[in-house]
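**Student:** when you get a sec, could you give me coordinates for this:
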Amino acid sequence: MNNTLKYLSIQHELGMAIGTSLRLQPMLATFSRIALRRLGLTSVHFHFLKNVEGEPVLQSPAAERRLEHFLSVPRNATAWALPEACAVDVSTVVCDARQRCGQGADRHCYSFRLGDFGTMTVQRIGNALEAPVIELLKPLMIRLALSCQASIEHETLLQAVAARRKAEETILFQLLHDDLTQLPNRRQMMQRLDAGLLRARGEGRFGALLFLDLDRFKMVNDTLGHAIGDLLLVAVADTLKAIVGDDGMVGRLSGDEFVMLVDAVAGDEAQLRLRVDGLLVAIRAAFSDALQAGEHRLHVTPSIGIAIFPDGDGAAEQILRRADTAMYQAKLAGLNCAMYYNSHLSAGLELRRQLEKELQLALAAMDQFELHYQGQYNLAGECTGAEALIRWHSPYRDQPSPALFIPVAEETGLMLELGRWVMRRACADIRRLHAHRLPSAFRRVSINVSAVQFNHPDFVEALFADIDAAGIDAHWIALELTESTLIRNNHAAASRMTVLRERGVEIAVDDFGTGYSSLAYLSRLPVASIKIDQSFVRDLDSNAGNRAIVGTIIALGRALDLDLIAEGVETTAERASLEALGCHNYQGFLFSRPLPLDALIGQLRKPSPTTALAEANAAVGAAAAMRANPAQEPDR
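**Tutor:** Below you'll find the model as predicted:
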């Protein structure tokens, strides 16, 4: 009777310890301490299936179904080595108990299966556990297995929730921060600027946005590599954060562009400028020393543009654009300069920045551009060729002049892509011209090539590829190059021109007389023709100075056996003066305006007009109007 009560007491106390906590380890530790005390054990050990993170799991891949140690009570206890025959098979869910031996008669080891995911092993020195004790432990092991399963499921759920929360925090951080510098990115900066702008207007205070662009950063990337460039950007970010402290916010927009937000801290603009000027002094002082980038100590300086807000009803995006424009002004003023935004001085720069962004969008699709062709005529009124002139059908502004957007494309590097498109389209259009019966006098199409395009190492190869792709003869192409293009890197230019001439491509000097007119380069380079600039043709009949210049150019061309063509011919008097001086090839509104390809083909199919007919059909009145507003259409 006494033994029965003892067994019931043991079973009751152990049963009460099961499920005391949803956390697996505390619950098993409590159960083990009671088992040690009531059963006279020396130690209790738990082994479970585990995942790659070392956490207990209920299932694992068949190839990895190996039990791993989870808990021992006491903590420093060591499980006795068991014979291989005593290994526990966890592939079944039958709860079992086995007496272990092999370490001496006074040592006993018992292992109980916990479902198909773990075991509990108990160890005892001295007498073996009584048979009724082992029997009463069997149903307890079933309950313990269920409790362990519930705990593992609970902890797995908690881990999944924690992992999801961490993933969401990571995603949110990445959404609002720059990967490299860990600074707020453009999205977060614009949110903060929006909030700062709203607060400034509501409280009647002023804030500022500083736009920083590193001077000559590209040189670091080009000479030391992008890895060192990235380390330098991190060093710059840390430097700027230390300067602004808790009084503002530093962010990275892209590349080497950073912004510094000074919240609405001043009650008037003068007070704010004092605060900003103090920051500028601190920035210059910090960047006067070299920054550590890996093994390199590099000296860089920022060009800084400052926009004060609120300024009228400008939104956050407009404030950023103004700071960007001011930064661009600062770069033009010299390295390591800072400038406040000024609407009067920045109007032209802002237009250029807008044009740059619009050009980038247009180049992404290339469906906004078109080539028009302006005919070139000889003394008999025959069309001997045409010049390809780009037109931009911008959705943002009414037919912007090439004189407006071509310089922007050249300065920003967009000219390479735009020039390639012009070359491909011109070659394709020449193929279409071939498909029609053209007058025998029509010899070639002239294509303008910028300096940056001509000096690119792949220019000649790309041009020949376009010619071959279109299936045309290279003799149909004439490249118009400015004098500055030919003078710059003269040796390389001569080499390229020789290769082009050998293939049949003609070289013409465009806008001759406006640059570095020289017998030296004309005699050395394989130039076939020169175009007299329209500025000398203008009012040629009444301007003695222009007549003298044009006469000299014509004499020079004849001496070097070069073809001559005058551009921008608008009146019969100008044409007559050119004829008298010995120039017999013309281009301008007197003969034809730039036309789409189909219109040019239609014009070429008509009988060649006489000079008198060409003059009678000339839009002289329209030409005079264009002379009054030359920015609208500079191509003559």
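**Student:** gap between residue 368 and residue 196?
**Tutor:** If you measure residue 368 against residue 196 using Cβ to Cβ, to the nearest Å, the figure is 37 Å. Heads up, the C-betas are built off the backbone N, CA and C, glycines and all.
**Student:** of the two, who's got more company?
**Tutor:** residue 196 (25 against 17; other Cβ atoms under 10 Å).
**Student:** so what's the more buried one up against?
**Tutor:** Contact analysis of residue 196 by Cβ atoms under 8 Å, 6 or more residues apart in numbering lists 207, 261, 263-264, 309.
**Student:** rerun at 10 Å
**Tutor:** Residues near residue 196 by Cβ atoms under 10 Å, 6 or more residues apart in numbering: 205, 207-209, 248-249, 261-265, 309-310, 316, 319.
**Student:** after the longest helix that the chain contains, next one along is what?
**Tutor:** As assigned by DSSP state H, the longest helix anywhere in the chain is helix 131-176. Using DSSP states H and E, the helix or strand that follows helix 131-176 in sequence is helix 186-203.
**Student:** quick one, grab the pLDDT at the residue nearest to residue 450 when sequence neighbours are not counted.
**Tutor:** Among residues not flanking residue 450 along the chain, residue 415 sits closest, at 5.0 Å (Cβ to Cβ, 6 or more residues apart in numbering). In this model, residue 415 is scored at 92, pLDDT.
**Student:** from residue 533, how far out is residue 415?
**Tutor:** Look at residue 415 and residue 533: by Cβ to Cβ, they are 21 Å apart.
**Student:** do residue 262 as well
**Tutor:** 50 Å.
**Student:** the residue sitting nearest the centre point of the chain pairs with what?
**Tutor:** The centre of the chain sits closest to residue 254, judged by Cα atoms, centre = their mean, with a distance of 7.4 Å. Beta-bridge partners of residue 254, counted by DSSP bridges, are residue 257.
**Student:** contact partners for it?
**Tutor:** Counted by Cβ under 10 Å, 6+ apart, residue 254 has contacts 178, 185-186.
**Student:** distance to residue 471, neighbour count and pLDDT added to those, as TSV?
**Tutor:** Output for those, formatted as TSV (distance: Cβ to Cβ, whole Å; neighbours: other Cβ atoms under 10 Å; pLDDT from 0 to 100):
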residue	distance to residue 471	neighbour count	pLDDT
178	49	20	93
185	49	19	95
186	47	16	94
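**Student:** closest one of the residues you listed to residue 164?
**Tutor:** Closest to residue 164 out of those is residue 185 (23.4 Å), distances taken as Cβ to Cβ.
**Student:** residues contacting the closest one?
**Tutor:** Residue 185 touches 174-179, 251-254, counting by Cβ under 10 Å, 6+ apart.
**Student:** next one: phi and psi at it?
**Tutor:** Here is the backbone geometry of residue 185 (degrees, to the nearest 10): phi -90, psi -170.
**Student:** grab the nearest non-local neighbour of residue 299.
**Tutor:** In space, and not counting its chain neighbours, residue 299 is closest to residue 290: 4.6 Å by Cβ to Cβ, 6+ apart.
**Student:** is it fair to say residue 210 lies in a strand?
**Tutor:** Yes. Membership of residue 210 in a strand is supported by DSSP: H, G, I helix; E, B strand; the rest coil.
**Student:** apart from its neighbours in sequence, what residue is nearest it?
**Tutor:** residue 260 (4.1 Å).
**Student:** chain center to stretch 254-269, what's the gap?
**Tutor:** 23 Å (Cα atoms, centre = their mean, to the nearest Å).
**Student:** can I get the CA coordinates of it in CSV?
**Tutor:** What follows is stretch 254-269, C-alpha atoms only, in CSV (Å, rounded to 0.1, in the frame of the first residue of the first chain):
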residue,chain,number,x,y,z
SER,A,254,22.8,58.7,-56.0
GLY,A,255,26.4,58.4,-57.1
ASP,A,256,28.4,61.2,-55.5
GLU,A,257,25.4,63.3,-54.7
PHE,A,258,24.4,64.0,-51.1
VAL,A,259,21.9,66.3,-49.5
MET,A,260,21.9,67.9,-46.1
LEU,A,261,18.5,69.0,-44.6
VAL,A,262,18.5,71.8,-42.1
ASP,A,263,15.0,71.8,-40.5
ALA,A,264,13.0,74.9,-39.9
VAL,A,265,15.1,76.2,-37.1
ALA,A,266,15.2,80.0,-37.8
GLY,A,267,12.6,82.7,-37.4
ASP,A,268,14.0,84.7,-40.3
GLU,A,269,16.1,84.1,-43.4
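**Student:** show me what counts as buried in that stretch.
**Tutor:** 256-266 (16 or more other Cβ atoms under 10 Å).
**Student:** now do the buried residues in stretch 291-303.
**Tutor:** 291, 293, 298, 300-303.
**Student:** span of it from start to end?
**Tutor:** This stretch, stretch 291-303, spans 17 Å end to end (Cα to Cα, to the nearest Å).
**Student:** coming back round to it: lowest pLDDT pick from the contacts of residue 196?
**Tutor:** The model is least sure about residue 265 among the contacts of residue 196, giving it 73.
**Student:** so how far is the helix or strand hosting residue 447 from its chain's centroid?
**Tutor:** Assessed by DSSP H and E, residue 447 sits inside strand 444-448. Computed by Cα atoms, centre = their mean, the separation of strand 444-448 from the middle of its chain amounts to 35 Å.
**Student:** show the average pLDDT along that strand.
**Tutor:** On average, strand 444-448 scores 96.
**Student:** can you pull out the low-pLDDT segments for the stretch 251-400 of the chain?
**Tutor:** Within the stretch 251-400 of the chain, the stretches with pLDDT under 70 are 345-346.
**Student:** count of neighbours near residue 359?
**Tutor:** 24.
**Student:** check contacts around it.
**Tutor:** By Cβ under 10 Å, 6+ apart, the neighbours of residue 359 are 368-369, 392, 394, 400, 405-406, 408-409, 412, 414-415, 417-418.
**Student:** please apply the same query to residue 19.
**Tutor:** 27, 30-31, 143-144, 146-148, 150-151.
**Student:** just the buried members of these?
**Tutor:** Of those, these count as buried by 16+ other Cβ under 10 Å: 27, 30-31, 144, 147-148, 151.
**Student:** residue 117 and residue 349, how far apart?
**Tutor:** 70 Å.
**Student:** the more surrounded of those two?
**Tutor:** The neighbour count for residue 117 versus residue 349, taken as other Cβ under 10 Å, is higher for residue 117 (23 against 17).
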